[in-house]
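J.: Predicted model and sequence follow; I will ask about them next.
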Amino acid sequence: MRDVAVIGAGVTKFGERWDDSFRDVFVEAGLKAVQDAGLTGDRIDEIFVGNMSGGRFVNQEHIASLIADHSGLALEGHVPATRVEAACASGGLAVRQGAQAVSSGLSDIVVVGGVEKMSDVQSDQSTEILAAASDTEWESFYGATFPGLYAMMARRHSHEYGTTREQMALCSVKNHSNATMNPTAQFRREISVEDVLNSPTLADPLNLLDASPITDGAAALVLAPAEDARRCTDTPVYIAGIGQASDAIALHDRRTLTTVEATEVAVERAYSSAGIGPGEVDVAEVHDCFSIAEIIAVEDLGFFEKGSGGAAVEEGLTELNSRVSVNPSGGLKACGHPVGATGVKQVAEVALHLRGDAGERQVDGAEVGLTHNVGGTGGTAVVHVLSREAPR
Amino acid sequence: MTVPRFWRKIDNRYNLRGTRCGNCGTAFFPPRRICPGCRRDGSVETYDFEGRGEVITFTVIRAEPPSMDGQTPYVVAIIETPEGARFTSQLVDVEPDDVEIGMPVEATFRKIAEDGADGVIHYGVKFEPTARD
């Protein structure tokens, strides 16, 4: 098995992109990544694309072919392209598939993309489409929405550990603050704890400003064998560890409601293959689809003890250039959450920090970074550990 | 959606009919065909739940999906039965502010949702606070 490097990354502007279609946003991200790698299309051996629900958001399936075609890689070259789906973890799983293709030696240069175009349907329709990531027959049938499921996790976390509404709100406040420094973020404005607490309630105790938005956007990476990476770029970033895990799709079937066990298992697998522990992580992009999800994530990833995530956020330990810089991009909350793109964007963001290219929001001296992407309420989790140093 | 999609679940949804592993005794609602503990070594049989349980966690939905149009606010909860099975349902005949974790509840047959004005009406089991003696 070969080590794998990220040699190019591209992220589109995230937001409501009324003027651009599904294919427009994907092609933009792919071009940015390939140009960042200094390559031309004829070098690409294979494509993987994360996408949750093109079929329902834009009535388009067979997305892999569409993307290869409009990236100019189908009529010429007939490059194989594969779509990967795991709800909001589609992008992270696509990265893992791409890394495996390179690692195995089946392909040398792999483009991994993630894309979602969510604003072409009405907002109640998008709520329904996203709810399909839960157990349709036994959760959403009874009126459980996605915010509702995370709200039940939040309620239980507060019950067991005393986590407060204010601590949850502070995750959104921090992520909005980080997003002001990210040119591609959807919401580049500060918000206050009061703004979060006074925003309309979606499902008690979670409000609108606890939730990630509806977003159009795409992200792409170029992966290559680590041994060839320096021939393409002076600043390769290495994939040091990968872990993926499954759990029950329905929240009610999990052993615990306050830990995402798929995250715990995935991160253990990733740390173990990278040979590091949580204390070595400088920068992390974590799956904050709701504010409570960030508190649970920083616990499950081992940054803080179970039950102390809320207090850690309150003490500022997850802010930019603190103990561990969590969601410098603005996270799903403020950078935006085009579901299939998020897992790829997370790797692109961490790669920028490890390269020293993150501009105003740069995490100082970042050597090791981590991405954490969750599908549904925790039926799937995937973690990548990235490093500036080549694996030994 | 076509009628069979809902019709085939009527037996389970109307009667709280789940399954139980004949090997380890674990009871499942919603029903499972394979026991995750025993896997292929377990013989899974039909099992009827009594309809009692307690609230493990809950939320009050204030932004509803189209299928629940006009029903907000409504309480969604995860309920655990004495057998240890957990599932999602709604709580009714209780003020949202009076719901608590640990509250004992019992099943009551109710309408769940409508598939639009001309579509199927879905029924099933919701839960209400257990009457105190």
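T.: All right, it came through fine. Numbering: from 1, shown residues only, chains lettered A, B, ... in the order given.

J.: How is the residue nearest the centre of chain B assigned, secondary-structure-wise?
T.: Nearest to the mean C-alpha position of chain B, counting by Cα atoms, centre = their mean, stands residue B:89 at 4.2 Å. Recorded secondary structure, residue B:89: strand (DSSP: H, G, I helix; E, B strand; the rest coil).

J.: Quick check: residue A:91 touching residue A:337?
T.: No. The pair formed by residue A:91 and residue A:337 falls short of the contact definition of Cβ atoms under 8 Å, at 10.4 Å. C-beta: built from backbone N, CA, C; applies to glycine.

J.: In contact with residue A:74, which residues are there?
T.: By Cβ atoms under 8 Å, 6 or more residues apart in numbering or on different chains, the residues touching residue A:74 are A:65, A:68, A:81.

J.: same check, this time on residue A:225
T.: By Cβ under 8 Å, 6+ apart, the contact list for residue A:225 reads A:2-5, A:102, A:108.

J.: Per-residue pLDDT of residue 1, please?
T.: Going with chain A. On the pLDDT scale, residue A:1 is placed at 89.

J.: Correction: the question concerned chain B.
T.: Looking at residue B:1, the pLDDT reads 65.

J.: got it, and residue B:133?
T.: 56.

J.: Residue A:164 now?
T.: 98.

J.: Excluding sequence neighbours, find me the nearest residue to it.
T.: Excluding the flanking residues, the one nearest residue A:164 by Cβ to Cβ, 6 or more residues apart in numbering or on different chains is residue A:310, at 6.3 Å.

J.: C-terminal to the host helix or strand of residue B:106, what's the next element?
T.: Secondary structure here is read from DSSP states H and E; on that basis residue B:106 sits in strand B:104-114. Per DSSP H and E, strand B:104-114 leads on to strand B:121-129 as the next helix or strand towards the C-terminus.

J.: what angle do that next one and strand B:104-114 make?
T.: Angle, strand B:121-129 to strand B:104-114, by axes from the mean of the first three to the mean of the last three Cα atoms, to 10 degrees: 160 degrees.

J.: Average pLDDT for strand B:121-129, rounded please.
T.: Strand B:121-129 comes out at a mean pLDDT of 95.

J.: Could you do stretch B:32-48 as well?
T.: pLDDT averaged over stretch B:32-48 gives 91.

J.: Alongside chain A, which residues does chain B contribute?
T.: Within chain B, the positions adjacent to chain A are B:9, B:30, B:56-68, B:71, B:74, B:76-78, B:86-90, B:96, B:101, B:112-113, B:122, B:124 by Cβ under 8 Å from any Cβ of the partner chain.

J.: repeat that with 7 Å
T.: Neighbours of chain A within chain B, by Cβ under 7 Å from any Cβ of the partner chain: B:9, B:30, B:57-66, B:68, B:74, B:76, B:78, B:86-90, B:101, B:112-113.

J.: Now the buried members of those residues.
T.: By neighbour count, with 16 or more other Cβ atoms under 10 Å in any protein chain shown, those hold B:9, B:30, B:57-65, B:68, B:74, B:76, B:78, B:86-90, B:101, B:112-113 as buried.

J.: circling back to that earlier point, the strand holding residue B:106 pairs with which strands, and in what direction?
T.: Strand B:104-114 pairs in its sheet with strand B:52-61 (antiparallel), strand B:121-129 (antiparallel), by DSSP bridges.

J.: okay, now residue 33: neighbour count?
T.: Just going to use chain A. Each residue near residue A:33 was counted by other Cβ atoms under 10 Å in any protein chain shown, and the total is 27.

J.: if you could check chain B rather than the one you did, that'd help
T.: Quick note: residue B:33 (other Cβ under 10 Å) scores 7 neighbours.

J.: And for the residue of the stretch 151-300 of chain A found nearest chain B, the neighbour number?
T.: When distances are taken as Cβ to the nearest Cβ, the stretch 151-300 of chain A reaches nearest to chain B at residue A:151, 3.8 Å away. For residue A:151, the neighbour count with other Cβ under 10 Å is 30.

J.: just the CA coordinates of stretch A:100-111, formatted as PDB?
T.: In PDB, the C-alpha atoms belonging to stretch A:100-111 read as follows (Å, rounded to 0.1, in the frame of the first residue of the first chain):
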ATOM      1  CA  GLN A 100      -7.700   3.900  -1.500                       C
ATOM      2  CA  ALA A 101      -7.500   4.000  -5.300                       C
ATOM      3  CA  VAL A 102      -4.200   5.700  -5.100                       C
ATOM      4  CA  SER A 103      -2.900   3.700  -2.100                       C
ATOM      5  CA  SER A 104      -3.700   0.400  -3.900                       C
ATOM      6  CA  GLY A 105      -1.800   1.400  -7.000                       C
ATOM      7  CA  LEU A 106      -4.900   1.100  -9.200                       C
ATOM      8  CA  SER A 107      -4.700   4.800 -10.000                       C
ATOM      9  CA  ASP A 108      -2.000   7.500  -9.700                       C
ATOM     10  CA  ILE A 109      -3.700  10.800 -10.100                       C
ATOM     11  CA  VAL A 110      -7.300  10.900  -8.600                       C
ATOM     12  CA  VAL A 111      -9.600  13.800  -8.500                       C
END
